[in-house]
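Q: need a structure here:
(2 chains)
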Amino acid sequence: MNITDIINIGLFTATIRMATPIALAAVGGMFSERVGVINIGLEGIMLTGAFTGVATSYYTRNPWLGVLASVFSGALIGLLHGFLTVTLKGNQIVSGTGINILAVGVTAFMCEVIWGSRGASESVPALNPISIPILKEIPILGDILGTHTPIVYLMFLIIFLSQILLFRTPFGLRLRAVGENPAAADTAGVDVTRIKYIGIILSCMLAGLSGAFLSLGNLNLFASGMSGGRGFIALAAMIFGRWMPYGTFGASILFGFTDALQIRLQSIGLLPPQIILSIPYIITIIVLAGVVRKSTPPSDYKPYEKR
Amino acid sequence: MNPAVQMLGISKKFPGVLANNNIDFIVEKGEIHGLLGENGAGKTVLMSILYGLYKPDSGKIIINGKEVVMDSPATAIKQGIGMVHQHFMLVPSLTVTENVILGKENVKNGFLLDIKNSTEHVKKFSEQFGLEIDPDVTIESLSVGAQQRVEILKALYRGADILILDEPTAILIPQEVDNLLEAIKSLKKQGKSIIFITHKLKEVFTICDRITVLKKGNLIGTVKKDETNSSQLAKMMVDKQILETYEKKKIEQKDIIFKIEELNVKDNRGIKVLKSLNLEIKSYEILGLAGVEGNGQSELVEAMMGLRQKDSGKILLNEVDISNFSPKDRIKSGLSHIPEDRQKCGLILDFSVMENLILGSHNEEPIVNRNLVINLEETCKLSENLVKDYSISTPNIQTYVKNLSGGTQQRVVLAREFSRKPKIVIAYQPTRGLDIGATEYVRTKLIEMREQGSGVLLISADLDEIRALSDKIAVIFDGKIVAIKDPSITNEEDLGLLMAGGKSG
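A: As a prediction, this is how the structure comes out:
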């Protein structure tokens, strides 16, 4: 066995691919936390997004409509999460966990209803990879970044725009203010409830898009439980990235890398697959235990009580 | 000319309390109007109604001659009303500029924040109104006084002509108070109308033109400053006359029961804040500790109570070194502590009165049986007695402490701490933020503890308080005791000089 069998350009291409769903969900999680609401339901929303995308593509034969449907399904769940946590001032963890449990059940059930199997859907029209003309020609960088499914590029754009949105626009300023001191925002004439809803819905839409990447970008089918804990890894990436879009992206790349490495190590059969499969999760725990201790969240996650 | 603000027949009821009862409140244009009353008199509620935070049950609000329905702060802002809250409404991680423009941002290129322009704006405003501030720093790095200036700028930036200041001096040190009062005067000169909420008579006379007094939700009256005096206002504000001096029995103190020797302590940043500090407290003595905030007082209290590690030195209680004891053992040996921030350190706000009263003795007989189960009957009995003895005005012992007024909360702390019969009482800013009635109660209780033989360490920013109560005054400066004075022969200037690091004459 040669070291280049594991560490080569393909590994980095795969890193980008594996980092994409994590980064999308992580930035999504960030928007929610920035307005003071934990979105532990990322995992379930990803799963729902993955399913909705495939189902829509199955019926319409149009993968892009599938992607739109994924994002829309995210928005709907966001509305629910917002209603439960902001309007009803319910517990955020309970709401998020509810979303996760609901998603597992509903998607598996619907999968059986539509395709007659609880495990996986049929193949559906999926997104084709695209190549970026000039970027593709650059050696190494071109191999790593030149050809991907469109959602990968969308992810880069979203990370960039999120940074601008959060730190350079009035909306971003309000978003940050609402999360950190809603009373201050309220007295400054900012509509706290509205901003909270927008943050949460945006968050869930991105998680939905992340799901679409899993089923329509990376594969061409839905498999039950295909989010595989990435929603939780995304939460870790968000914390590791200190609730900043760029930081979150960096953390997602790290987790994407461990994911890509894990797949490679599996194919070589050096270690028992159970151990290799757990690498990304072990890295997550190490990161959470080590680095995260020092990061303070931007918010205290309490529902805003108008006095 | 129409008055700036007319609030007519305002009533507001909260569960169990009539916070405002048919109140008329009129502010003329360009005046500084004092709104005076004890805590719980309904001042803040009335102003929150004016600012659209509460809806009144009845009554109307007329701004510059036009009736307005104040349904939200946004409406109030539109009407030119700005409010500086007692608890600042600032976002700590954002910069001064960002806080000022929040909700009313300048935009360039259609959607981007125009920070540069806004910063200029904030600078201009701060110069115009004499509110000095660096627009680019984050709020968390600013002093309390500077944060308050940001709050005022925020209101002015939103075009406020009518400025409500809710107890603005309560949290400031004396120099900052002077600066603030100057700034308020300059605002008045520029045509702003100012409503100044306070319960301090001295300030009312320094700057207000007219004064409205509230008591227990009722309007007592509005008077011109020139046509009144302190004792008349005080009478309007509280039911009984204020005690200016406190009766203390003459007791000779001889036994030193508490001693700090060469104590060295670092603060959270690792900087040495107590530098070989020495201090002695006798029984039957109130030792006042005077000093400008931040000269090591907090760290001294924490080190005494075992909440902060010492570097070296001894803390002796009856000649036993307790400096390595846990806080629990220190309490057991006879230390008690009235913390500076009763809401954060003194009480658990989401606990009931009863639960708060047994904190610290919750693992001792007769509160628990055989270290296992809380004896509810015993606990209730004990709590009921304390509620009676300390006149804690609570509906019952199951009421959450967070629902009580500041003065009542402090009574809960006192009841808990003093009922342990402590040998040493550490009272850190025990009357801060309390109204006159509650302040007087706390002071009387401290004197009572002294007369029962406890040694009391009174740390206060209020020199009048220290002078009125103390048998001896120690001055702390830069982590050291720089002087011990007899209150009967020292004066305020002398102490002020020592507190600022100078030599007394």
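Q: Am I right that A:Ile253 is in contact with A:Ala14?
A: No - the criterion here is Cβ atoms under 8 Å, and A:Ile253 misses it with A:Ala14 at 11.7 Å. Heads up, the C-betas are built off the backbone N, CA and C, glycines and all.
Q: For the stretch 101-250 of chain A, just list every one of the helices.
A: Under the criterion DSSP state H, counting those that start in this stretch, the stretch 101-250 of chain A carries helices at the ranges A:133-137, A:141-145, A:150-168, A:170-180, A:182-187, A:192-212, A:230-240, A:245-268.
Q: Which helix or strand contains A:Ala75?
A: Remark: A:Ala75 resides in helix A:63-82, with elements defined by DSSP states H and E.
Q: Quick check, pLDDT for B:Glu440.
A: B:Glu440 is assigned a pLDDT of 87 by the prediction.
Q: meant to ask about A:Arg293, not that
A: Predicted confidence (pLDDT) at A:Arg293: the value is 60.
Q: Same question for the one 3 residues further on.
A: The score at A:Thr296 is 70. That number is its pLDDT.
Q: check contacts around it.
A: Residues in contact with A:Thr296, defined by Cβ atoms under 8 Å, 6 or more residues apart in numbering or on different chains, are absent; none qualify.
Q: Likewise for A:Ile9?
A: Residues near A:Ile9 by Cβ under 8 Å, 6+ apart: A:140, A:143-144.
Q: Same question for A:Val37.
A: A:Val37 neighbours (Cβ under 8 Å, 6+ apart): A:81-82, A:85-86, A:92, A:196, A:199-200, A:301.
Q: May I see the ChimeraX selection of the buried members of these?
A: In ChimeraX syntax, the buried subset of the contacts of A:Val37 is picked out as below (16 or more other Cβ atoms under 10 Å in any protein chain shown):
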select /A:81,82,85,86,92,196,199,200
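Q: And the contacts of A:Val37, which two are furthest apart?
A: Within these, two members stand farthest from each other by Cβ to Cβ: A:Gly82 and A:Tyr301, at 14.1 Å.
Q: Flag every residue of the stretch 101-250 of chain B that's near chain A.
A: B:101-105, B:107, B:111-113, B:154, B:158 (Cβ under 8 Å from any Cβ of the partner chain).
Q: how does it look with 6 Å?
A: Selection of the stretch 101-250 of chain B residues close to chain A by Cβ under 6 Å from any Cβ of the partner chain yields B:102-103, B:105, B:111-113.
Q: before we move on, back to that, can I get the helices of the stretch 101-250 of chain A in TSV with mean pLDDT and distance to chain B?
A: Shown next, in TSV, are the helices of the stretch 101-250 of chain A (pLDDT from 0 to 100; distance: least, Cβ to the nearest Cβ, whole Å):
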stretch	mean pLDDT	distance to chain B
helix A:133-137	87	27
helix A:141-145	88	28
helix A:150-168	96	5
helix A:170-180	94	4
helix A:182-187	89	4
helix A:192-212	97	11
helix A:230-240	93	16
helix A:245-268	90	15
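Q: Switch those over to CSV; also include distance to A:Ile77.
A: Formatted as CSV, the entries for the helices of the stretch 101-250 of chain A read as follows, by distance: least, Cβ to Cβ, whole Å:
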stretch, distance to A:Ile77
helix A:133-137, 35
helix A:141-145, 31
helix A:150-168, 18
helix A:170-180, 20
helix A:182-187, 23
helix A:192-212, 5
helix A:230-240, 12
helix A:245-268, 21
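Q: Which among these is found nearest to B:Ile61?
A: Between B:Ile61 and the helices of the stretch 101-250 of chain A, the shortest separation by Cβ to Cβ is 17.6 Å, and it involves helix A:182-187.
Q: All the strands of the stretch 51-200 of chain B, in order from the start?
A: Remark: strands of the stretch 51-200 of chain B, listed N- to C-terminal, are B:58-63, B:66-68, B:81-84, B:107-108, B:112-113, B:162-166, B:193-198; assignment by DSSP state E, counting those that start in this stretch.
Q: ok, now the stretch 301-450 of chain B?
A: Applying DSSP E, counting those that start in this stretch to the stretch 301-450 of chain B gives strands spanning B:312-317, B:320-321, B:335-338, B:368-369, B:373-374, B:424-428.
Q: Check these for me: which has the lowest mean pLDDT.
A: Of all these, the segment with the smallest mean pLDDT is strand B:368-369, scoring a mean of 80.
Q: Please enumerate residues in contact with it?
A: Counting by Cβ atoms under 6 Å, 6 or more residues apart in numbering or on different chains, strand B:368-369 makes contact with B:374-375, all of which sit outside it.
Q: Just put the strands of the stretch 301-450 of chain B in JSON lines and tack on distance to A:Ile275 and mean neighbour count.
A: Compiled in JSON lines, those are given as follows (distance: least, Cβ to Cβ, whole Å; neighbours: other Cβ atoms under 10 Å in any protein chain shown):
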{"stretch": "strand B:312-317", "distance to A:Ile275": "51", "mean neighbour count": "17"}
{"stretch": "strand B:320-321", "distance to A:Ile275": "55", "mean neighbour count": "12"}
{"stretch": "strand B:335-338", "distance to A:Ile275": "53", "mean neighbour count": "26"}
{"stretch": "strand B:368-369", "distance to A:Ile275": "49", "mean neighbour count": "14"}
{"stretch": "strand B:373-374", "distance to A:Ile275": "48", "mean neighbour count": "11"}
{"stretch": "strand B:424-428", "distance to A:Ile275": "56", "mean neighbour count": "25"}
